[in-house]
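Undergrad: Task: produce atomic coordinates for the following.
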Amino acid sequence: MKVVYKITYPNGKIYVGKDLTGTLNYFGSANSKLIESDFSKEEMRDFTVRKQILWESDTATDQEVNMKEVEWIKALQSNNPAIGYNRWPKLASGNDDSPTFAP
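TA: Just a heads-up that it's a prediction; the model follows:
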């Protein structure tokens with residue numbers, strides 16, 4: 001089973017990732033230092049995250065899963081530093097300073 005999932009951290013920020021093997025305890029490759037910078041040492045002592053499956057397939061190719069992951073990152077804006085921890089695809093600013101997504 002291939003999946004695209006969302007991790008929600010205690011501060012409400014999210015990370016969207018993919019798992020090509022359907023492993024229950026895989027939580028992605030978000031930048032640990034980036035996440036740790038948002039929490040105090042005390043907050044890190046009792047830390048709960050939530051993992052939700054957003055999309056799954058038994059038949060999708062790895063390329064299709066990659067495309068679904070990007071679709072969900074854009075839809076949930078998890079590449080916006082105010083919302084989430086994804087740093088790709090890069091979030092770009094338009095001329096009017098409203099968030100737009102880089103191709």
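Undergrad: tell me which strands and helices the longest helix seen in the chain is in contact with?
TA: Taking DSSP state H as the criterion, the chain has its longest helix at helix 62-76. For helix 62-76, the helices and strands in contact under the criterion 3 or more CB pairs under 8 Å, 6 or more residues apart in numbering; DSSP states H and E are strand 2-8, strand 14-19, strand 50-57. C-beta here means a position set from N, CA and C on the backbone, and glycine is covered the same way.
Undergrad: Which residues belonging to that helix are considered buried?
TA: 65, 68, 69, 70, 72, 73, 76 (16 or more other CB atoms under 10 Å).
Undergrad: Pull the contacting residues for the first one.
TA: In other words, residue 65. 2, 4, 18, 20, 57 (CB atoms under 8 Å, 6 or more residues apart in numbering).
Undergrad: residues contacting residue 3?
TA: Taking CB under 8 Å, 6+ apart, we find residue 3 in contact with 18, 19, 22, 53, 54, 55, 56, 57.
Undergrad: quick check: angle from the longest helix of the chain to strand 2-8?
TA: 30 degrees (axes from the mean of the first three to the mean of the last three CA atoms, to 10 degrees).
Undergrad: Centre of the chain to helix 62-76, how far?
TA: Remark: helix 62-76 is offset 10 Å from the chain centroid, using CA atoms, centre = their mean, to the nearest Å.
Undergrad: Stretch 7-24 too?
TA: Counting by CA atoms, centre = their mean, stretch 7-24 comes out at 6 Å from the chain centroid.
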